[in-house]
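# Show me the folded form of this:
(one chain, ligands or ions: 1)
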Amino acid sequence: MIIIVKSFMNSYHIIIPPTCINQEYKGMETMGRKATLENISALCKRRGFVYQSAEIYGGLNGVYDLGPLGVLIKNNIRNAWTNAITSHDKDILFLEGALLGPHAVWEASGHIEHFHDPMIDCTKCQHRFRADELEIERPCPNCGNTAWTDVRQFNMMFKTQIGASVDHSSIAYLRPETAQSIFINFKNVMTSNRVKIPFGIAQIGKAFRNEITPKQFLFRMREFEQMELEWFCKEEMVPEFFDFWCNARKEFYTTIGITKNNIRIYEHQKNELAHYSTKTSDIEYNFPFGWKELEGIAHRGSYDLAQHSKHSGKDLSVYDEEIKSSYLPHVIECSIGVDRLLLTILFDAYDEDIIEGQARTVLRLHPKIAPIKAAFLPLTKKLSEQTKQLYEDIVKLGYKIEFDESGSIGKRYRRHDEIGTPICFTFDFDSLEDHCVTVRNRDTLKQERINIQQVAKYLKNVLEE
Ligand code: ATP
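Numbering: from 1, shown residues only. Okay, the predicted model is just below:
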C-alpha cells in the first residue's frame with residue numbers, strides 16, 4: 001500500500017509501509033481469469049490498441065485499424081518472431097512480396113480451384129453461415145427457421161482489375177497468403193544470394209481473405225497480417241526438419257510469456273489436410289472459445305515449386321553437385337497470423353484483481369512484448385521538471401518509455417497496469433533529498449527505493465529477464 005500524505009509545507013510524500021518494501025504487496029486479491037472477447041475488445045478500444053475500421057461510418061466487418069499502442073505491440077511481436085527464427089544458426093533470408101498477384105499465380109497455386117469455404121443461407125432471414133461450422137439439421141441460430149439453401153462453394157480471394165482494359169489478362173487478386181510470393185521468387189532469391197539448400201525464406205506481410213463470417217475480433221479477419229517461414233530442404237531431410245521447426249515454434253510462445261499449458265500441438269488427420277500438404281501440425285491455443293489454431297506447420301512437399309515450374313515454364317529446380325542432377329526442394333512452412341497472435345497474447349496476459357477493495361485490470365505482458373517499457377511519474381506536477389529530466393536521460397538510451405504527469409498517482413498506475421507497462425518509476429519529494437525513486441512492479445506490486453543512478457541498469461535487467 002502506498003500512502004500519500006500532504007505535509008505541513010504543502011508538499012507530498014510517498015510513504016511505503018515496511019511490509020511493502022522488497023516483498024510482494026499483501027493487499028492484493030486475485031479474481032481469476034476474466035478474459036472474454038468483450039472485455040479484451042473494449043480494452044483495445046479504450047486504450048488505443050485496436051479500432052474497428054471506418055467506425056464513424058458504421059465499420060467494415062472483419063477489418064481493423066491499429067491505434068498507437070497496437071502499432072507498438074505489433075512491432076514487438078514482429079521483432080520477437082524475427083529474432084526467434086533467426087536464432088538457430090540456419091540461413092534465413094527475408095522477402096517483401098507484392099500484395100497483388102496475377103490470375104496465373106493463383107491458378108498455379110491451386111487457390112482458384114481449392115480456396116473455397118462451403119456457404120449456406122437461411123431462406124427466411126438470409127443470414128449467411130459457413131456450412132462446416134453449422135449443424136444444418138438444427139434451426140437457424142438467427143431466426144429459428146429450418147429451411148436452408150443448398151451448400152455452395154465460395155472462393156475467398158478478393159478479385160480486382162488492373163489497368164483500364166477489361167480482359168482476362170487484367171484480372172488480379174489480393175494475396176490470400178504471403179507464401180506464394182516466396183515460391184515465385186525462390187530462384188531469384190537463391191541465385192542472387194549464393195545460399196545453398198537447406199535454407200529458409202521468411203516474410204511478414206498482409207494477406208486478404210473474404211471470410212464468409214469474420215468473427216471473434218482479431219481471430220478471423222478479412223485483412224490480416226502473416227509471418228511465414230518457408231524452409232527449403234531435400235526430401236529425405238523433411239522428418240528431421242519438421243520436428244525441429246515444430247519444437248522451435250512451440251518453444252517460441254513461452255519465450256514471449258504465453259502460459260505453457262495453454263499451448264499444444266495438434267496433428268491433422270489425413271482427411272483434414274490442405275490440397276498441398278502431406279503432413280500438418282497446428283500449434284493451438286486454449287482460447288476462451290476452445291482450442292484453436294494459432295500457427296500452422298505444414299509439409300508442402302514440392303507441390304508449389306512444381307506447380308509454378310509447370311505453369312510458368314520456368315525451371316525452379318536446384319542442381320545437386322553430389323548426385324549431378326536437378327531436383328525440386330521440399331518445403332516446410334511455419335505460418336502464423338500476427339493479429340491472431342496479438343489476440344492470444346492479450347487473452348493470456350489479461351487479469352483482474354482487487355487491491356485494497358478496488359478492482360484493477362492488468363495486462364501481465366512479457367516485457368519484450370509490452371508496448372511501453374516503463375513510466376516515469378512525478379508524484380505531483382511540482383516535481384515534473386526533475387522527473388522529466390530523468391525520463392529524458394533514459395529515453396536517449398532507446399527505450400520506449402513514457403513520462404506521465406496528469407491525474408492522480410493511483411489513476412496513472414491503473415492506466416499503466418491496463419496497458420501492461422512492467423514498471424513505474426515515481427519521483428517524490430524525498431527524491432530531491434535522497435536521489436532515489438520508487439520502483440513499482442506491475443505484477444507483484446512490490447515497491448523498492450533505488451538510486452536514480454541505478455534506473456537505467458534496473459530497466460535493462462527487467463527487459464532482459
Ligand atoms: P483457420 O482454420 O483458422 O481458418 P487456416 O488453416 O485457414 O486457419 P492458414 O491458411 O494455415 O489458416 O493460415 C496460417 C495462419 O494465418 C493461421 O494459423 C492464423 O494464425 C492466420 N490466419 C488465417 N486466417 C486468418 C484470418 N482470417 N484472420 C486472422 N488470422 C488468420
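
# just for the stretch 151-300 of the chain, where's the confidence low?
For the stretch 151-300 of the chain, not a single residue meets the criterion pLDDT under 70.

# 80 instead?
Per-residue confidence of the stretch 151-300 of the chain (counting by pLDDT under 80) places the weak regions at 164-169, 276.

# would you list every one of the strands in it?
Here the stretch 151-300 of the chain has its strands, by DSSP state E, counting those that start in this stretch, at 152-155, 159-161, 171-174, 199-208, 223-233, 263-267, 279-287, 290-301.

# So what pairs up with the residue of the chain found nearest the ligand in the strands?
Nearest to the ligand in the chain, going by CB to the nearest ligand atom, is residue 337, at a distance of 2.8 Å. Placement of C-beta: from N, CA and C, glycine included. Here residue 337 sits in beta bridges with residue 226, as judged by DSSP bridges.

# ok, back up a step: rebuild the strands of the stretch 151-300 of the chain as TSV, extending it with mean neighbour count and distance to the ligand.
TSV is the format used below for the strands of the stretch 151-300 of the chain (neighbours: other CB atoms under 10 Å; distance: least, CB to the nearest ligand atom, whole Å):
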stretch	mean neighbour count	distance to the ligand
strand 152-155	14	13
strand 159-161	12	17
strand 171-174	19	13
strand 199-208	20	7
strand 223-233	23	4
strand 263-267	15	11
strand 279-287	19	7
strand 290-301	19	3
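
# Let's have these in a markdown table, adding distance to residue 47.
Formatted as a markdown table, the entries for these read as follows, by distance: least, CB to CB, whole Å:
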| stretch | distance to residue 47 |
| --- | --- |
| strand 152-155 | 36 |
| strand 159-161 | 35 |
| strand 171-174 | 30 |
| strand 199-208 | 24 |
| strand 223-233 | 20 |
| strand 263-267 | 26 |
| strand 279-287 | 21 |
| strand 290-301 | 23 |
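
# wait, what's in contact with the residue of the chain closest to the ligand?
Remark: with contacts taken as CB atoms under 8 Å, 6 or more residues apart in numbering, residue 337 is in contact with 224-227, 294.

# residues in contact with residue 88?
Counting by CB under 8 Å, 6+ apart, residue 88 touches residue 248.

# next one: residue 72
For residue 72, the contacting residues are 371-372, 400, by CB under 8 Å, 6+ apart.

# Residue 414 now?
Residues counted as contacts of residue 414 (CB under 8 Å, 6+ apart) are 360-361.

# which stretches of the stretch 301-450 of the chain form helices?
Listed in chain order, the helices found in the stretch 301-450 of the chain under DSSP state H, counting those that start in this stretch are 303-312, 338-349, 384-395, 409-418, 429-434.

# Deepest-packed of these, please.
Between the helices of the stretch 301-450 of the chain, helix 338-349 has the highest mean count of neighbours, a mean of 23, where neighbours are mean count of other CB atoms under 10 Å.

# now that helix against strand 199-208, angle please.
Computed with axes from the mean of the first three to the mean of the last three CA atoms, to 10 degrees, the direction of helix 338-349 lies at 90 degrees from that of strand 199-208.

# Helix 338-349: how far from the chain's middle?
Relative to the mean C-alpha coordinate of its chain, helix 338-349 is positioned 6 Å out (CA atoms, centre = their mean, to the nearest Å).

# What residues does the chain have near the ligand?
In this structure, the chain approaches the ligand at residues 177, 209, 211, 220-221, 224, 226, 293-296, 335-337, 339-340, judged by CB under 6 Å from any ligand atom.

# What about residue 177, how many residues nearby?
Counted with other CB atoms under 10 Å, residues neighbouring residue 177 total 18.

# And the one 10 residues further on, by the same measure?
When neighbours are defined as other CB under 10 Å, residue 187 has 17 of them.

# Please apply the same query to the one 3 residues further on.
Residues near residue 190, counting by other CB under 10 Å, number 19.

# just residue 162 next, same as before
Using other CB under 10 Å as the criterion, the residues surrounding residue 162 number 11.

# hang on, it packs against residue 101?
No. Using CB atoms under 8 Å, residue 162 is not in contact with residue 101; the gap is 10.3 Å.

# joint contacts of those two?
Here residue 162 and residue 101 have residue 172 as joint contacts, going by CB under 8 Å, 6+ apart.

# Who are the contact partners of residue 227?
Counting by CB under 8 Å, 6+ apart, residue 227 makes contact with 78, 81, 202-204, 335-338.

# for residue 454, helix, strand, or coil?
helix (DSSP: H, G, I helix; E, B strand; the rest coil).

# any idea how far residue 390 is from it?
Counting by CB to CB, to the nearest Å, the gap from residue 454 to residue 390 is 12 Å.
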